[in-house]
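> Take this sequence and fold it.
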Amino acid sequence: MFPRVRSIRDVVRWRRLSGWAARVRGWISRVRRGRLWRGAAVVGAGLAGGWLGLVLGGQVLTPIGPADVDLSMRPSWNGETVVNVAPLGTLQFDTHSAPLRMKANVAEIRLDAAERMFQNPDDISRISEQVGSDLRDGVIRLFVRSGVTAVLGAAGGALLVFRDRRRAGWSAVTALVTFASASGMAAATFNPSSIAEPRYSGLLAGAPQVVGSVEDAVSRFSEYQEQLAGLMGNVSQLYEATSTLPVYEDDSSTIRVLHVSDIHLNPAAWNVIGSLQEEFQADFVVDTGDLTDRGSTAEDTFAEEISGIDAPYVWVRGRQDSQGTQRAVAAQDNAVVLDGEVREVGGLTLYGAGDPRFAPDRTRDNPSAEEVARIGAEQARSIAGAEPPVDVSVLHDQVQGRAFSGEVPLVLAGSEHQRSTEVADTGTRFFVQGSTGGAGLSGLEQDSDEPTPYEASVLYFDAETKRLQAWDNVTLGGVGLTSAQIERHIAENPDREITPASPPPVTPSSPSPPSSPPDATSGEASRPPS
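Now for the predicted structure:
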């Protein structure tokens, strides 16, 4: 029955094997009795409760310089620090390697403190020291509060699950040890140099090109100090403007529309559009054309960025866009291409038509301004008496859009690279958008003292009457500038009567030229002015 013992060494080996066997039997016995499972449940409750406590209570509101900043901490697989400056965008820093994500939201700019700082040059010189001290105090408060809420969340969650104070205590200890370990890891792996390598999103995506490298800023500290003061002044003005705007609640009573135009192949425009759509919660975007410069096949891929906008994207063809451009836009899942048709989008009834000209093809007999106006008149007559009535007409050029006077309450257009609006005697408002792409590449060719600004507008409609109530004009400085401005305008008599215009006298004319441009090829025609 027993193995033959040949030496003392065999006896020792046999005793060791017997000991290990006894330990295994004991472990199996404990598993059977459920001790390990109960221990795992206690640890799991501690981690889950700590996570919930951190999410619900891991935040503090702290003053940093002239701003009130909401600091928060969340569990995350990737350790990073995110600074959100709405509606300008976000900056992300790879500051540490720990499963904790810190986020800072600028909740409010205290204008009185900012004004005092700008009036006193000595305060600007001391701002870095003040901000450093305020930030350090805020982070300490954040870690203490986060640790307390994580422990309380773990203890409370475990108490609800097990109804046992002892197990709740062990769950709290689990949360405390886990949070302390993660915090220690974050402190040990903190990388100060990551501040010099941020990732930008939203309107701030152009910041590296505007502000320049950190090395340049250090070598030219005086110039950087002026830029910093100017940038902070602009941000303060932006918050001051938005703080005095009438509040439009995010409910079914208001329809928000973001109006953009004349992007002209500028990739930075997508950052502007995406950020504005998100921050102002626009229900959809209206683009009044000139997405490209030549309408070539090579430019068609530029339209793919439309799919990155988280809202319907209504588009009409500009005179720089070809039928190939139109097909490329229509291929995007969220695009609504209007070319002589009526569509309901986001609660508004829209009519849109492309520009009958195609400027890049100089060999083509493009319509004259008079012929464009006549084509617009024919299109306006086609929607007279429509049911439901058209709320907004979308055209590229207001020459074409003028014919809709007295037929619709609002006409949106672009083409001129300069924002303007007026109300005709018929009651129709004409709203011409500037260039959301800063006039594209042509903006670089202009005098650097007067770069074309990036312009867009957020339009607010009453959901019941479908009439324009107000609009926010957003203007960002062009190439080389750091300005940002938002202006709120309230529509006077938004429910005014729309009366049909007197028909123009009938004059003989030649047959209408084609209302759609031909397909463009990649090597076709040089680009004339838009």
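
> Output the below-cut-off pLDDT ranges for the stretch 351-500 of the chain.
Within the stretch 351-500 of the chain, the ranges that satisfy pLDDT under 70 run 439, 441-450, 477-483.

> Tell me where it has strands.
For the stretch 351-500 of the chain, the strands defined by DSSP state E, counting those that start in this stretch cover 392-394, 410-413, 420-423, 429-432, 454-462, 468-476, 484-490.

> Can you lay out those as TSV showing mean neighbour count and distance to Asp293?
Just so you know, the C-beta spots here come from the backbone N, C-alpha and C atoms, and that holds for glycine as well. Converted to TSV, the strands of the stretch 351-500 of the chain look like this (neighbours: other C-beta atoms under 10 Å; distance: least, C-beta to C-beta, whole Å):
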stretch	mean neighbour count	distance to Asp293
strand 392-394	28	21
strand 410-413	27	19
strand 420-423	14	23
strand 429-432	22	20
strand 454-462	24	17
strand 468-476	20	21
strand 484-490	15	26
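
> nearest to Ala180, of the ones you listed?
The closest of these to Ala180 is strand 484-490. By C-beta to C-beta, the value is 41.8 Å.

> tally of neighbours for Trp77?
Using other C-beta atoms under 10 Å, Trp77 has 6 neighbouring residues.

> ok, it to Thr452 distance?
42 Å (C-beta to C-beta, to the nearest Å).

> Please put the alpha-carbon coordinates of stretch 345-365 into CSV.
Extracted C-alpha coordinates of stretch 345-365, given in CSV (Å, rounded to 0.1, in the frame of the first residue of the first chain):
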residue,chain,number,x,y,z
VAL,A,345,-35.5,68.5,-42.4
GLY,A,346,-35.5,68.8,-38.6
GLY,A,347,-39.1,70.3,-38.6
LEU,A,348,-38.5,72.9,-41.3
THR,A,349,-39.7,72.7,-44.9
LEU,A,350,-36.7,73.6,-47.2
TYR,A,351,-36.4,74.3,-50.9
GLY,A,352,-32.9,74.3,-52.4
ALA,A,353,-31.3,74.5,-55.8
GLY,A,354,-27.7,74.4,-57.0
ASP,A,355,-26.0,77.3,-58.8
PRO,A,356,-26.7,77.1,-62.6
ARG,A,357,-23.1,78.2,-63.3
PHE,A,358,-19.8,76.2,-63.1
ALA,A,359,-17.1,78.8,-62.9
PRO,A,360,-14.0,76.6,-63.2
ASP,A,361,-15.0,75.6,-66.7
ARG,A,362,-14.1,78.7,-68.8
THR,A,363,-15.0,76.9,-72.0
ARG,A,364,-18.6,76.6,-70.9
ASP,A,365,-21.2,79.3,-71.8
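
> Give me the buried positions along that stretch.
Judged by neighbour count (16 or more other C-beta atoms under 10 Å), stretch 345-365 contains these buried residues: 345-361.

> likewise stretch 61-72?
Within stretch 61-72, the residues scored as buried using 16+ other C-beta under 10 Å are Thr62, Ile64, Gly65, Pro66, Ala67, Asp68, Val69, Asp70, Leu71, Ser72.

> residues in contact with the last one?
It stands for Ser72. Listed by C-beta atoms under 8 Å, 6 or more residues apart in numbering, the contact partners of Ser72 are Gly58, Gln59, Val60, Met102, Lys103, Ala104, Asn105, Leu142.

> Pull out the buried members of the residues you listed.
With burial judged by 16+ other C-beta under 10 Å, the buried subset of the contacts of Ser72 is Gly58, Gln59, Val60, Met102, Lys103, Ala104, Asn105, Leu142.

> quick check, nearest of those to Asp283?
Asp283 has its nearest neighbour among those in Asn105, at 24.2 Å by C-beta to C-beta.

> now that closest one, what's its secondary structure?
Secondary structure, DSSP: H, G, I helix; E, B strand; the rest coil: Asn105 is strand.

> coming back round to it: kindly reformat the strands of the stretch 351-500 of the chain as TSV and extend each row with distance to Ser382.
Output for the strands of the stretch 351-500 of the chain, formatted as TSV (distance: least, C-beta to C-beta, whole Å):
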stretch	distance to Ser382
strand 392-394	11
strand 410-413	15
strand 420-423	24
strand 429-432	19
strand 454-462	23
strand 468-476	23
strand 484-490	31
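
> Identify whichever of these lies nearest to Val82.
Closest among these, using C-beta to C-beta: strand 484-490, at 20.3 Å.

> strands paired with that closest one, and their directions?
With DSSP bridges as the test, strand 484-490 is paired with strand 468-476 (antiparallel).

> residue ranges for the helices of the chain, please.
Using DSSP state H, the helices assigned to the chain run over residues 8-33, 35-57, 111-119, 121-125, 127-162, 165-188, 207-211, 214-219, 221-243, 268-279, 323-330, 369-382, 398-401.

> Just the pLDDT at Val82, thanks.
On pLDDT, Val82 comes in at 81.

> Was I right to think it contacts Arg101?
Yes - the pair Val82 and Arg101 qualifies as a contact (C-beta atoms under 8 Å) at a distance of 7.0 Å.

> which one is Asn473 nearest to, not counting chain neighbours?
Nearest non-adjacent residue to Asn473, counting by C-beta to C-beta, 6 or more residues apart in numbering: Glu487, 4.6 Å away.

> how far away is that neighbour from Glu455?
Using C-beta to C-beta, one gets 11 Å for the distance from Glu487 to Glu455.

> Would you mind grabbing the residues shared as contacts by those two?
Asn473, Thr475.

> quick one, domains of the chain?
According to automatic domain parsing, the chain comprises the domains 1-33, 40-205, 254-490.

> pull the CA atoms of stretch 284-302 into CSV?
Extracted C-alpha coordinates of stretch 284-302, given in CSV (Å, rounded to 0.1, in the frame of the first residue of the first chain):
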residue,chain,number,x,y,z
PHE,A,284,-28.9,70.2,-38.6
VAL,A,285,-26.4,72.1,-40.7
VAL,A,286,-27.2,74.1,-43.9
ASP,A,287,-24.2,74.6,-46.3
THR,A,288,-24.9,77.1,-49.1
GLY,A,289,-22.2,75.8,-51.5
ASP,A,290,-18.7,76.2,-52.8
LEU,A,291,-17.4,73.2,-50.8
THR,A,292,-14.5,72.9,-53.3
ASP,A,293,-12.4,75.1,-55.5
ARG,A,294,-12.5,73.5,-58.9
GLY,A,295,-15.1,70.7,-58.5
SER,A,296,-12.5,68.2,-59.7
THR,A,297,-12.5,64.4,-59.1
ALA,A,298,-9.5,64.7,-56.8
GLU,A,299,-11.5,67.1,-54.6
ASP,A,300,-14.4,64.7,-54.1
THR,A,301,-12.8,63.0,-51.1
PHE,A,302,-13.0,66.2,-49.2
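
> Now do the buried residues in it.
284-297, 299-300, 302.

> What about the residues you listed, which are in strands?
Taking DSSP state E as the definition of strands, the buried residues of stretch 284-302 contribute Phe284, Val285, Val286, Asp287.

> Could you dump those residues into TSV with pLDDT and distance to Asp333 added?
Below are these laid out as TSV (pLDDT from 0 to 100; distance: C-beta to C-beta, whole Å):
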residue	pLDDT	distance to Asp333
Phe284	97	14
Val285	97	14
Val286	98	17
Asp287	97	16
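
> Now flag whichever of the residues you listed is closest to Ala463.
Using C-beta to C-beta, Phe284 comes nearest to Ala463 of these, at 13.3 Å.

> Identify the farthest-apart pair in the ones in strands among the buried residues of stretch 284-302.
Pairwise distances across those peak at 10.4 Å for Phe284 and Asp287 (criterion: C-beta to C-beta).

> do you know how far Ala40 is from Gly438?
Distance, Ala40 to Gly438, by C-beta to C-beta: 59 Å.

> So which of these two has more stuff around it?
Gly438 (30 against 10).

> Beta-bridge partners for Thr475, please?
Glu455, Gln485.

> Surely it is in contact with Tyr454?
Yes - the criterion here is C-beta under 8 Å, and Thr475 meets it with Tyr454 at 7.3 Å.

> What about the nearest residue to Asp391 once chain neighbours are set aside, how many residues nearby?
Closest residue in space to Asp391, ignoring its immediate chain neighbours: Lys466 at 4.3 Å, by C-beta to C-beta, 6+ apart. Per other C-beta under 10 Å, the neighbour tally for Lys466 reads 18.

> I appreciate the help and will end here.
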